[in-house]
Every structure is written in structure tokens, then in C-alpha cells.
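Novice: Attaching a predicted model along with its sequence, questions to come.
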Amino acid sequence: MKIVVDTNGLLNAIPRNGSKKWLYNAFIDNTFTWVFSNEILSEYDEIICQKFSQDVSNYVISSLLASHNHERFEPSCKYQLVTQDPDDNKFVDCAIGANADYLVTDDKHILGLLEIPDLFPPVPVVTFAQFQDILASL
């Protein structure tokens, strides 16, 4: 199973007592493949540095890149589906292009895509709670 994870989910998976530590644990257990583009990786680095430190960012990014269950994908199409916060499109474009099973997010702008009838191309968006349920059912 391939997933794209928004930055806030990653941030909450980093601390030992983080609310989404289960996500990191599932990744370490090879339950899914974490898909990201260079643009997503750059955002991860920037935001982790702001919230934690450069050392923490280096460790997290190195861990993602060293893992055999990651996939780097560079989208060739820019769909511009998220109009309220265009910066979120990097996650949507990566999920569509990489044919990810899920784009996991709690971002209201991305979740807003679920409200669009017959959205094309379709975006497999789920919340973190929904994804946790999916993992529990495996």
C-alpha cells in the first residue's frame, strides 16, 4: 500500500508521545510505502527545522530515505485542484501521479476535495483517523 502523508501528520508522528506515533510505527513495521516528492521532502525539512531542530530534521529525513519502503515520485502534471491553499497541491499531485492508495491528511483544504462531485482525476483522500482504522483492519 502506497500513501502520501501531509506535513502535519509527520510532525505529530515524530515525538515519542506524538498523537500520530502509530503512523511512524506502522511505517517502521513496513505496513506501507511512504511516497513523497522532492518538494514534499523540502517542506518536511523546513517545517521540522522550525518546530524541532535541524538535527531532528536530518534524522527524520535520513530515516525516510534510508528505508526500503519509501518511494520518491516527481509529478509531471500539476492539477491545481486545491484552490484555497495552492501550496497543498504538491501532496495531491504526488498522490495522483504516484497512484497512491491514500493521501492521508487532516488539512481542511485537501479534505474539501471530497466535497466535489465527480472530481477528476480522483484523489484518494482519507483522514488520519480513517487511515488508522484501515491499518487496524489489516
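Specialist: Looks like it arrived, so ask away. Numbering: from 1, shown residues only.

Novice: count of neighbours near the closest residue to residue 89 other than its chain neighbours?
Specialist: Of all residues not flanking residue 89 in the chain, residue 82 sits nearest, at 5.0 Å (CB to CB, 6 or more residues apart in numbering). For glycine as for every other residue, the C-beta is placed from the backbone atoms N, C-alpha and C. As a burial measure, residue 82 scores 20 neighbours (other CB atoms under 10 Å).

Novice: pretty sure residue 82 contacts residue 92?
Specialist: Yes: counting by CB atoms under 8 Å, residue 82 touches residue 92, with 5.9 Å between them.

Novice: sorry, back to before: can I take it that the residue nearest to residue 89 is in a strand?
Specialist: No: Residue 82: not assigned to a strand; according to DSSP: H, G, I helix; E, B strand; the rest coil it is coil.

Novice: In contact with it, which residues?
Specialist: 88-89, 92, 109-110, 112-113 (CB atoms under 8 Å, 6 or more residues apart in numbering).

Novice: and if you look at residue 49?
Specialist: When contacts are counted by CB under 8 Å, 6+ apart, residue 49 touches 56-57.

Novice: Which two among the contacts of residue 82 are spaced furthest apart?
Specialist: Using CB to CB, the contacts of residue 82 reach their maximum pairwise distance at 89 and 112, which is 12.5 Å.

Novice: And these two? Which one has more around it.
Specialist: Counted by other CB under 10 Å, residue 89 and residue 112 do not tie: residue 89 has more neighbours, with 19 against 16.
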